[in-house]
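A.B. asks: Could you work out the structure for the sequence below:
(4 chains)
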Protein chains: 2
Amino acid sequence: MQPQALNRIPVDILRSRVVQELRIAILRGDLSPGSRIKQEHLASQLGVSREPVRQALLLLQREGLIHAEPKRGASVAPLDRQLINDVYGLREALESRVVETLSRSSRFDVSPFRAMIARGRTAVRRRDFRTLVDLDMAFHTGLYEAAGNRVIVEVMRGQWSQIRRVMSMLLDQRAAYRQKIWDEHQAIVEAIHARRPERAVAAAGRHIRAARKILIETFDAAAPAPLARASQD
Amino acid sequence: MQPQALNRIPVDILRSRVVQELRIAILRGDLSPGSRIKQEHLASQLGVSREPVRQALLLLQREGLIHAEPKRGASVAPLDRQLINDVYGLREALESRVVETLSRSSRFDVSPFRAMIARGRTAVRRRDFRTLVDLDMAFHTGLYEAAGNRVIVEVMRGQWSQIRRVMSMLLDQRAAYRQKIWDEHQAIVEAIHARRPERAVAAAGRHIRAARKILIETFDAAAPAPLARASQD
DNA sequence: GACTTGGATCCTGGATCCAAAATACGCGCT
DNA sequence: AGCGCGTATTTTGGATCCAGGATCCAAGTC
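C.D. replies: Below you'll find the predicted structure:
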């Protein structure tokens, strides 16, 4: 017996496949906010029974992508202005702390981040929004992971579901903002690299507040009617 | 007061009852870390079928109280030194932000907090540890709620499960610390009340770092052996 | 005597079944 | 024709059933 790394990859489980599929569908907007989700229908559509579907719905409900009431069924959670705002409040608090920590650490490796920035700029030029969102999330997640706090990584993983939903909405429209993203990312990374905590925190704060501002504006401009039908309870 | 309690409140659902029971059992230590949880056994013990149990396990797994591997079953998650540490890292980041926000707000109402502090001191005198933990959590949760960020409230609700687990372990032993808690709480609240953001942030930071320090120390002292035992009943 | 191996047994994940709540529908009434 | 009420249908939450993987035990092998 060597190290005990013989049996890996048991991440089968139908349930997680359903979660994955559903999450993607919601994040992409294939399922529009507010639309009803019937278990039977979804099950047959994915070729499974209702059992894994129910569990998947449970999980996605906790993730905030699904809204459900007992006996009343589930629906895709509406985009929620307040929620977005609050998510960004959380993000600012955590990310400030993360970049501050990194700025004081001696083990921060800039290179992967510089690489991501380069790829990000390319994606912007190509107007490849899907990749752009992926890279943006990868960039920030990379920071969390570099800071080494697993709880923060985990918490933010959940929140990015929300962020991605509105992000895709936003990127279509805000060309000016798309340009700025990677400059801001670069500012953050270089400040960390230069070991300047205050500067890094400031850069991160600016980045996040700018994103929030744009997001909320875009939301208010584009959303009022079609998004939040069920927002009153 | 009951602002909008006219129609909802159908929080029956067997599953949530099971979650509740299980969570309490784990937090109280009635189920020791590492012990296996058999669905059938738990189900009959609670007088339900395996179905709600499975869903409850799923939820508690995401909450970090249960550890499970596919086809291998579930067990009570072991107390994890690193995890505790990380939770406190998260807490410090968020709570700093929260108290800072509150210090700048004009709508902060001290009175409920002062009341909690008084009750807390009483609980300390009476060595009523259960109530003490409840009040501690209520105090901090109260701050999150006062700040009005629902996402932070929600995220921290999850984290308090972890905090409570070790907290009960800690309070038994650290008499000196028990005394200090409510002084520190008072310092935080009064700083907020006095509209002194820096002071409030500093007080909150000190409070959380002190708690973390004690917790980790206690953990290292008392924990090595008895934590990950697999016990059957 | 320690290690492997075959098989009985247990347990989990998924499928199917059932009762009750909720919604949709149609009928009768004013 | 509009409205309300009672019933049919849909859909959910929970219970039960089943197949496959994991665990345990004991006998066989070196």
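A.B. asks: Who are the packing partners of the longest helix belonging to chain A?
C.D. replies: When chain A is scanned for its longest helix (criterion: DSSP state H), the result is helix A:197-222. Other helices and strands packing on helix A:197-222, by 3 or more C-beta pairs under 8 Å, 6 or more residues apart in numbering or on different chains; DSSP states H and E, are helix A:81-104, helix A:150-171, helix A:175-193. (C-beta placed from N, C-alpha, C; glycine too.)
A.B. asks: what distance separates it from the centre of its chain?
C.D. replies: Averaging C-alpha positions (C-alpha atoms, centre = their mean, to the nearest Å) puts helix A:197-222 15 Å from its chain's average.
A.B. asks: Just the buried residues of that helix, please?
C.D. replies: Applying a neighbour-count criterion of 16 or more other C-beta atoms under 10 Å in any protein chain shown, the buried positions in helix A:197-222 are A:197, A:199-205, A:207-208, A:211-212, A:214-216, A:218-219.
A.B. asks: likewise stretch A:167-181?
C.D. replies: A:Met167, A:Ser168, A:Met169, A:Leu170, A:Leu171, A:Arg174, A:Tyr177, A:Arg178, A:Ile181.
A.B. asks: CSV for the helices and strands packed on helix A:197-222, including distance to B:Leu83 and mean pLDDT?
C.D. replies: What follows is the helices and strands packed on helix A:197-222, written out as CSV (distance: least, C-beta to C-beta, whole Å; pLDDT from 0 to 100):
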stretch, distance to B:Leu83, mean pLDDT
helix A:81-104, 17, 97
helix A:150-171, 7, 92
helix A:175-193, 25, 95
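A.B. asks: Out of the ones you listed, which gets nearest to A:Ile24?
C.D. replies: Closest approach to A:Ile24 among the helices and strands packed on helix A:197-222 (C-beta to C-beta): helix A:150-171, 10.1 Å.
A.B. asks: from the chain's centre, how far out does the closest one sit?
C.D. replies: Using C-alpha atoms, centre = their mean, the mean C-alpha position of helix A:150-171 is found 2 Å from that of the whole chain.
A.B. asks: just checking, what packs against that helix?
C.D. replies: Under the contact rule (3+ C-beta pairs under 8 Å, 6+ apart), helix A:150-171 is packed against helix A:14-28, helix A:81-104, helix A:129-147, helix A:175-193, helix A:197-222, helix B:81-104, helix B:150-171.
A.B. asks: Quick one: closest of these to DNA strand D.
C.D. replies: Among those, the nearest to DNA strand D by C-beta to the nearest atom of the strand is helix A:14-28 (12.2 Å).
A.B. asks: Quickly run through the sheet partners of whatever helix or strand comes next after the closest one, with directions.
C.D. replies: Next helix or strand after helix A:14-28 toward the C-terminus (DSSP states H and E): strand A:36-37. Paired strands of strand A:36-37, with direction, are strand A:73-76 (antiparallel) (DSSP bridges).
A.B. asks: Can you show me the CA trace of the strand it pairs with as PDB?
C.D. replies: C-alpha atoms of strand A:73-76 as PDB (Å, rounded to 0.1, in the frame of the first residue of the first chain):
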ATOM      1  CA  GLY A  73     -43.400  24.000  -6.200                       C
ATOM      2  CA  ALA A  74     -40.200  25.600  -7.300                       C
ATOM      3  CA  SER A  75     -39.400  28.400  -9.700                       C
ATOM      4  CA  VAL A  76     -36.200  30.100 -10.900                       C
END
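A.B. asks: For stretch A:55-72, give the mean pLDDT please.
C.D. replies: Taken as a whole, stretch A:55-72 carries a mean pLDDT of 96.
A.B. asks: got it, and stretch A:16-29?
C.D. replies: On average, stretch A:16-29 scores 95.
A.B. asks: What are the contacting residues of stretch A:177-196?
C.D. replies: The set of residues that contact stretch A:177-196 without belonging to it, under C-beta atoms under 8 Å, 6 or more residues apart in numbering or on different chains, is A:99, A:102-104, A:108, A:110, A:113-114, A:116-117, A:120-121, A:124, A:132, A:136, A:139, A:143, A:170-171, A:199-200, A:202-204, A:206-207, A:210-211, A:214.
A.B. asks: Chain A - how does it break down into domains?
C.D. replies: Residue ranges for each domain of chain A read A:3-76, A:81-221, as given by automatic domain parsing.
A.B. asks: Nearest approach to B:Ala74 belongs to which of those domains?
C.D. replies: Among the domains of chain A, domain A:3-76 comes nearest to B:Ala74, with 13.3 Å by C-beta to C-beta.
A.B. asks: and that closest one with DNA strand C, contact?
C.D. replies: Yes: interface with DNA strand C: domain A:3-76 contributes A:Ile13, A:Leu14, A:Arg15, A:Val48, A:Ser49, A:Arg50, A:Glu51, A:Pro52, A:Gln55, A:Lys71, A:Arg72 (C-beta under 7 Å from any atom of the strand).
A.B. asks: What are the buried residues along stretch A:120-137?
C.D. replies: Residues of stretch A:120-137 classed as buried under the neighbour-count rule (16+ other C-beta under 10 Å) are A:Gly120, A:Arg121, A:Ala123, A:Val124, A:Phe129, A:Thr131, A:Leu132, A:Val133, A:Leu135, A:Asp136, A:Met137.
A.B. asks: ok, these vs chain B, which is closest?
C.D. replies: A:Met137 (17.2 Å; C-beta to the nearest C-beta).
A.B. asks: so how far is A:Arg81 from A:Gly148?
C.D. replies: Summarising the geometry, the distance separating A:Gly148 from A:Arg81, computed by C-beta to C-beta, to the nearest Å, is 33 Å.
A.B. asks: same question but for A:Arg50, I mixed them up
C.D. replies: Counting by C-beta to C-beta, the separation of A:Arg50 from A:Arg81 is 33 Å.
A.B. asks: So these two - more neighbours on which side?
C.D. replies: Regarding A:Arg50 and A:Arg81, a neighbour count based on other C-beta atoms under 10 Å in any protein chain shown identifies A:Arg81 as having more, with 18 against 15.
A.B. asks: burial of the closest residue to A:Leu27 other than its chain neighbours, as a residue count?
C.D. replies: With C-beta to C-beta, 6 or more residues apart in numbering or on different chains as the measure, A:Arg164 is the residue that lies nearest to A:Leu27, at 5.1 Å, once sequence neighbours are left out. Neighbouring residues of A:Arg164 were enumerated by other C-beta under 10 Å; the total is 18.
A.B. asks: Would you confirm that A:Arg164 contacts A:Met137?
C.D. replies: Yes: the criterion here is C-beta atoms under 8 Å, and A:Arg164 meets it with A:Met137 at 6.6 Å.
A.B. asks: Can you tell me which of the residues of domain A:3-76 next to DNA strand C comes closest to A:Gln39?
C.D. replies: Among the residues of domain A:3-76 next to DNA strand C, A:Arg50 lies closest to A:Gln39 (C-beta to C-beta), at 4.8 Å.
A.B. asks: part of a strand, is A:His67?
C.D. replies: Yes: counting by DSSP: H, G, I helix; E, B strand; the rest coil, A:His67 is found in a strand.
A.B. asks: mind listing what it touches?
C.D. replies: Contact analysis of A:His67 by C-beta under 8 Å, 6+ apart lists A:Gln61, A:Ala74, A:Ser75, A:Val76, A:Ala77, A:Pro78, A:Ala230.
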